[in-house]
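Asker: Any chance you could fold what I've pasted below:
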Amino acid sequence: MLLGSVSFTYIGLVACWFVAGGAIALALAGLDAAVFPGIAPELRRAVAARQVRWAGAGALAAASFNAWIAGGWPDQWKLAVLALPLVVVGWAVRRFAAPARDAETVVAVSKATTVPRRVYPVASGPPLLSVEQLSVSYGSVQVLFGVDLVVHEGAVVALMGTNGAGKTTLLRAISGLEPTIGGRIVYAGLDITKTRPTWRVGMGLHQVVETDAVVGPLTVAENLTLFGHGVDRSQRARNIAEAYELFPRLADRSRQRAATLSGGEKQMLGLAKAVVTPPRLLLIDEFSLGLAPTVIAEVLPVIRRIADQGAAVLLVEQSVNVALSVADHAYVMEKGEIGYSGPAEELRGRPDLLRAAYLEGLAHALHIDRREA
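Answerer: So this is what the prediction gives:
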């Protein structure tokens, strides 16, 4: 309508097309800003640069077309004639064109930092996650006191303790959801203590929370598709099929709204995210809370499988039996501090220590243990 209401010289028309191209570029950038948290940080600059380049190319093509087309046509007709081929060309570029060299390099780097490429032996090389002397407070009340913890790729690490010990707070600090007052968090060799949560997600750090980790109004299939945003379409389809294979209940309820699922099925759907979009570090918070033993038995092998494929898993769990049945290493927290750290197998063989840790306080238990030794 704007072009039809104003008379333009050729130069003015060219300028108009470039202004329109710039507006399109800004609009695309605005749309992508909504999904940028799901894009690896290394990839965002390449995505934005490509938007500007293609918008400029489209504006140049539009101006050239207007110079070539027969004179006397109303500008609205020119827009209509130009729209269809531009849409077709844009779709073809999106569907078939190879990525530009710079973007291709960035994608390779991004995948290397977010997707496990091979299985790593437990405790081989430097840890993927290293929490060093971490402290957190809620206002004037300190709740974590100099916590040290490491997680290696290919390992399941259990973080246990009674309610109020600080387990979930530590997990939220690692995710970037709780600010810290001391110490640091090192992930893949990078200090991410002050990094925004969305950037951590882009680096392959995912969390499954104890509450609903699903989008209720969407169906199970739509949730899985949403989880796979940013994954190649064919790979996403294979990953979703794998998730259905691991969780047959989800396959049976693929067209059912997530809000209508049982608590156990919602946990399965939340954990399926790690199958559709493989993380490098998976944080799981109290997944067994309120679940039937049969559901827990279905979920535990999936957690083990995710680790066996190369991901690091930090499992916050109050149930000792559940945690130690899948973990390679275990930490026990008490009053915001790590009271015990050791192989899960060793802790499984010390029911006296576990009983004391949960009933009498871990510090007291360790004191008795040392005195008897």
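
Asker: can you give me the strands for the stretch 51-200 of the chain?
Answerer: 129-138, 141-151, 156-160, 182-187, 190-191 (DSSP state E, counting those that start in this stretch).

Asker: in its sheet, what does the first one sit against?
Answerer: Partner strands and pairing direction for strand 129-138 (DSSP bridges) are strand 141-151 (antiparallel), strand 182-187 (antiparallel).

Asker: buried stuff in the shortest one?
Answerer: Burial within strand 182-187, assessed by neighbour count using 16 or more other C-beta atoms under 10 Å, is assigned to Gly182, Gly183, Ile185, Val186, Tyr187. Yep, even glycine has a C-beta here, placed from its N, CA and C like the rest.

Asker: How about stretch 160-174?
Answerer: Using 16+ other C-beta under 10 Å as the test for burial, stretch 160-174 gives 160-162, 165-174.

Asker: Likewise for stretch 289-305?
Answerer: Leu291, Val295, Ile296, Glu298, Val299, Leu300, Val302, Ile303, Arg304.

Asker: which other helices and strands contact whichever strand or helix holds the fourth one?
Answerer: This means Glu298. Per DSSP states H and E, Glu298 falls inside helix 293-308. On a contact count with 3 or more C-beta pairs under 8 Å, 6 or more residues apart in numbering; DSSP states H and E, helix 293-308 meets strand 156-160, helix 263-276, strand 312-316, helix 320-326.

Asker: one more time with 6 Å
Answerer: Contact here means 3 or more C-beta pairs under 6 Å, 6 or more residues apart in numbering; DSSP states H and E; on that basis helix 293-308 packs against helix 320-326.

Asker: so Arg238 sits in a helix?
Answerer: Yes: judged by DSSP: H, G, I helix; E, B strand; the rest coil, Arg238 forms part of a helix.

Asker: Okay, now the unreliable bits of the stretch 101-250 of the chain?
Answerer: 101-125, 210-212 (pLDDT under 70).

Asker: can you pull out the helices in it?
Answerer: 101-114, 167-175, 197-202, 220-227, 233-246, 248-252 (DSSP state H, counting those that start in this stretch).

Asker: Show me which residues of the third one are buried.
Answerer: Of the residues in helix 197-202, Pro197, Trp199, Arg200, Val201, Gly202 count as buried by neighbour count, 16+ other C-beta under 10 Å.

Asker: what's near enough to touch the third one?
Answerer: Read it as Arg200. Gly176 (C-beta atoms under 6 Å, 6 or more residues apart in numbering).

Asker: Could you report the distance from Leu271 to Arg257?
Answerer: To Arg257, Leu271 is 19 Å away according to C-beta to C-beta, to the nearest Å.

Asker: which of these two has more neighbours?
Answerer: Leu271 (23 against 16; other C-beta atoms under 10 Å).

Asker: Just give the closest residue to the more buried one, not the sequence neighbours.
Answerer: Setting aside the residues directly before and after it, Leu271 is nearest to Val208 in space (C-beta to C-beta, 6 or more residues apart in numbering), at 5.7 Å.

Asker: again with Met333
Answerer: Leaving aside its sequence neighbours, Met333 sits nearest to Gly161 (C-beta to C-beta, 6+ apart; 3.7 Å).

Asker: and the one you found, what does it touch?
Answerer: Residues near Gly161 by C-beta under 6 Å, 6+ apart: Lys167, Val332, Met333.

Asker: nearest to Gly216, of those residues?
Answerer: Using C-beta to C-beta, Lys167 comes nearest to Gly216 of these, at 26.3 Å.

Asker: Give the burial count for Ile181, as a bare number.
Answerer: By the criterion of other C-beta under 10 Å, Ile181 has 10 neighbours.

Asker: didn't it look like it was pressed against Leu134?
Answerer: No: at 9.1 Å, Ile181 does not count as touching Leu134 under the criterion of C-beta atoms under 6 Å.
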